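test case, fold it:
(chains A, B, C and D)
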There are 4 protein chains.
Amino acid sequence: MYNKANHYIYKKGGSLMTKYIPDCYWPEQDNGAYVSHESICALNTSASPATVRLTFYFEDRPKMEGFCVTIPAERTLHIRLDKLKNANGEALLRGIPYAAMIESDVELALQYTRLDATQPELALMTTML
Amino acid sequence: MYNKANHYIYKKGGSLMTKYIPDCYWPEQDNGAYVSHESICALNTSASPATVRLTFYFEDRPKMEGFCVTIPAERTLHIRLDKLKNANGEALLRGIPYAAMIESDVELALQYTRLDATQPELALMTTML
Amino acid sequence: MYNKANHYIYKKGGSLMTKYIPDCYWPEQDNGAYVSHESICALNTSASPATVRLTFYFEDRPKMEGFCVTIPAERTLHIRLDKLKNANGEALLRGIPYAAMIESDVELALQYTRLDATQPELALMTTML
Amino acid sequence: MYNKANHYIYKKGGSLMTKYIPDCYWPEQDNGAYVSHESICALNTSASPATVRLTFYFEDRPKMEGFCVTIPAERTLHIRLDKLKNANGEALLRGIPYAAMIESDVELALQYTRLDATQPELALMTTML
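Purely as a prediction, here's the structure:
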């Protein structure tokens, strides 16, 4: 999902909108019908593709940057955080509290959802950003 | 729920309010006391009926249009997305990520809820739009 | 919780704030450690008591009125909808979709939560109003 | 987490932002893979540390004050309410309805999450503040 060309254009132009998710957590276990995961879901109803940059913050270490995603015009993208990698190939860690900042050069609707499958019966939570 | 007369009036007049649900997903299985489903719940406290148009966006295909619902004055409607059909008789698909845009010609309060009954014990999530 | 004196004062003065919950539903069964219930949780941080009026809307019948609650100064109240009665002694019904309007003469913070204990393992959902 | 120096600075300067959580509840039992708990999750993306003051409100007794937490610059903190103590060493009580007010001298993103492990299979709920 990382697009080198867009990434550089993005850095020049700056972001139109910024949203935050203070409560991110990727549960350590997968014992249900689903795997435990978090999604940042974006909807781009505009006629232009959106370049989205994600930054992750932690309790005890510096922020991680360089995560970049493109959402085509008139499409949704449910960004699976368990599958996301940045420009350096780094992924997120399981079992530690973290938080996210989402920046986009096009106005998006954004929602965060977590599915916890630590135990056989899943739990769900969601919130609009 | 599709009202051809209202539909044409609506298209002429445009919409007063627009809201979005980036994280829609209709789970593929029903193994609980309930069936898996999503609801867009609308409350119309005004003295006029509301004509509501729904558009659905996907990750890998063009948007689906032509879903239209009327909410009478001083009534609520919990729109079951698993039962919704558009003017062409098309329904939504199970097991794929999608998103929704809701337009109304009357100011409404709107909330999205998902009940996942993939496993015997249900999970719930909700958010205000 | 109904206070006849406050109720009349309220009707004269009108409301300062109005909030809505489109997705109310009182599950029909109680099979868990808790009973199935919904709460409208209010926080009054002001120095004055708040008089709160609740109106409920349905899909197929007229709205129900006359539900009135007082929140003392610097107190919270988690209004259990399964225990609420109006001035005529009427309570809400289980197993049907409905919606709520909350009016207050003092600015409040408000949140809606549902606990579904239809099955042995509970499910929870919440949203800020 | 209580910092005496910051606490006094805070009281002099007042707060920049105030947010509320009307529906707080610490379930009385822990029967799952997790322990039952609530978190107030804060994200401080600024270059300055944030001094956060928490006040808790109840249905039947005066508010509790003197809870103070510092969030370093460019860090998140998932404040576990089951582990929080105020300047007098007081902790919150299990099994009673309460509410929270959060004040900060730096603009923060805030989210509230509850994990209920009263029964073997957990339930989750979250909302943005």
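
what's across from the residue positioned nearest the centre of chain A in the sheet?
The residue lying closest to the centre of chain A (Cα atoms, centre = their mean) is residue A:40, at 4.5 Å. Residues in a beta bridge with residue A:40, per DSSP bridges, are residue A:79, residue A:112.

now stretch A:22-29: how far from the chain's centre is it?
Put simply, stretch A:22-29 sits 12 Å off its chain's centre (Cα atoms, centre = their mean, to the nearest Å).

hmm, that stretch in reach of chain C?
No: contact between stretch A:22-29 and chain C, assessed by Cβ under 8 Å from any Cβ of the partner chain, is absent, since the two come no nearer than 12.9 Å. (Each C-beta comes from the backbone N, C-alpha and C, glycine too.)

and that stretch, how far apart are its ends?
Stretch A:22-29 stretches 21 Å from its first residue to its last (Cα to Cα, to the nearest Å).

point out the residues in chain A that sit beside chain B.
Counting by Cβ under 8 Å from any Cβ, the residues of chain A close to chain B are A:32-34, A:39, A:41-43, A:45, A:74-78, A:108-111, A:113, A:115, A:120-128.

among the residues you listed, the buried ones, what's the ChimeraX command?
Entered in ChimeraX, the line below selects the buried ones among those, by 16 or more other Cβ atoms under 10 Å in any protein chain shown:
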select /A:32,33,34,39,41,42,43,45,74,75,76,77,78,108,109,110,111,113,115,121,122,123,124,125,126,127,128
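
in chain A, which spans are helices?
Chain-ordered helices for chain A, with DSSP state H as the definition, fall at A:4-13.

isn't residue A:32 up against residue A:120?
Yes: between residue A:32 and residue A:120 there is a contact at 5.6 Å, judged by Cβ atoms under 8 Å.

list residues touching both of those two?
Residues within reach of residue A:32 and of residue A:120 at once, by Cβ atoms under 8 Å, 6 or more residues apart in numbering or on different chains, are residue B:119.

for chain A, which spans come out with low pLDDT?
A:1-14 (pLDDT under 70).

ranges for the strands of it?
Assignment of strands within chain A using DSSP state E yields the ranges A:17-24, A:37-44, A:50-58, A:64-71, A:75-80, A:98-104, A:109-116, A:123-128.

for chain C, give me its nearest residue in chain A.
Across chain A, no residue is closer to chain C than residue A:121, which sits at 5.5 Å (Cβ to the nearest Cβ).

how about that residue, what does it touch?
If a contact means Cβ under 8 Å, 6+ apart, then residue A:121 has A:32, B:119-121, B:123, C:121, D:121 as its contacts.

try 7 Å this time
In this structure, residue A:121 makes contact with A:32, B:119, B:121, C:121, D:121, judged by Cβ atoms under 7 Å, 6 or more residues apart in numbering or on different chains.

just residue A:24 next, same as before
With Cβ under 7 Å, 6+ apart as the criterion, the residues that contact residue A:24 are A:38, A:98-100.

change it to 6 Å
Under the criterion of Cβ atoms under 6 Å, 6 or more residues apart in numbering or on different chains, the contact partners of residue A:24 comprise A:98-100.

any chance of those residues in CSV, plus neighbour count?
Conversion of the contacts of residue A:24 to CSV gives the following (neighbours: other Cβ atoms under 10 Å in any protein chain shown):
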residue, neighbour count
A:98, 25
A:99, 27
A:100, 26
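
around chain C, which positions in chain A sit nearby?
Those residues of chain A that sit near chain C, judged by Cβ under 6 Å from any Cβ of the partner chain, are residue A:121.

go with 8 Å
With Cβ under 8 Å from any Cβ as the criterion, chain A meets chain C at residues A:121, A:123, A:125, A:127.

which one of those is nearest chain B?
Of all these, chain B sits closest to residue A:121, with 3.9 Å by Cβ to the nearest Cβ.

residue A:100 against residue A:25, yeah?
No: distance between residue A:100 and residue A:25: 11.0 Å, which falls outside the contact criterion (Cβ under 8 Å).

nearest to residue B:63, out of the strands of chain A?
Nearest of the strands of chain A to residue B:63, taken as Cβ to Cβ: strand A:75-80 at 8.3 Å.

next one: the closest one to chain centre, how far?
Relative to where its chain is centred, strand A:75-80 has its mean C-alpha point 9 Å off (Cα atoms, centre = their mean).

okay, the angle between that strand and strand A:98-104?
Counting by axes from the mean of the first three to the mean of the last three Cα atoms, to 10 degrees, strand A:75-80 points 160 degrees away from the direction of strand A:98-104.

quick check: angle from strand A:75-80 to strand A:37-44?
160 degrees.

what comes into contact with strand A:75-80?
Residues outside strand A:75-80 that contact it (Cβ under 8 Å, 6+ apart): A:1, A:37-44, A:52, A:54, A:69, A:71, B:22-23, B:25, B:57-60, B:97-99.

at 6 Å what do you get?
Contacts for strand A:75-80 (Cβ under 6 Å, 6+ apart): A:37, A:39-43, A:69, A:71, B:57, B:59, B:97, B:99.

before we move on, back to that, can I get the residues of chain A next to chain C in a markdown table including distance to residue B:89?
Output for these, formatted as a markdown table (distance: Cβ to Cβ, whole Å):
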| residue | distance to residue B:89 |
| --- | --- |
| A:121 | 36 |
| A:123 | 36 |
| A:125 | 35 |
| A:127 | 34 |
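
from residue D:97, how far out is the residue of chain A closest to chain C?
26 Å (Cβ to Cβ, to the nearest Å).

how about residue A:20?
Shown here: residue A:20 relative to residue D:97, a distance of 28 Å by Cβ to Cβ.

how many neighbouring residues does residue A:83 have?
Other residues near residue A:83 come to 11 when the count uses other Cβ atoms under 10 Å in any protein chain shown.

actually residue A:103, not the one I typed
Using other Cβ under 10 Å, residue A:103 has 17 neighbouring residues.

contact residues of chain A facing chain D?
By the rule Cβ under 6 Å from any Cβ, the part of chain A lying against chain D is A:20, A:22-23, A:57, A:59, A:63, A:97, A:99, A:101, A:116, A:118-119, A:121, A:123, A:125, A:127.

contacting residues around residue A:98?
Listed by Cβ under 6 Å, 6+ apart, the contact partners of residue A:98 are A:24, A:56, A:58.
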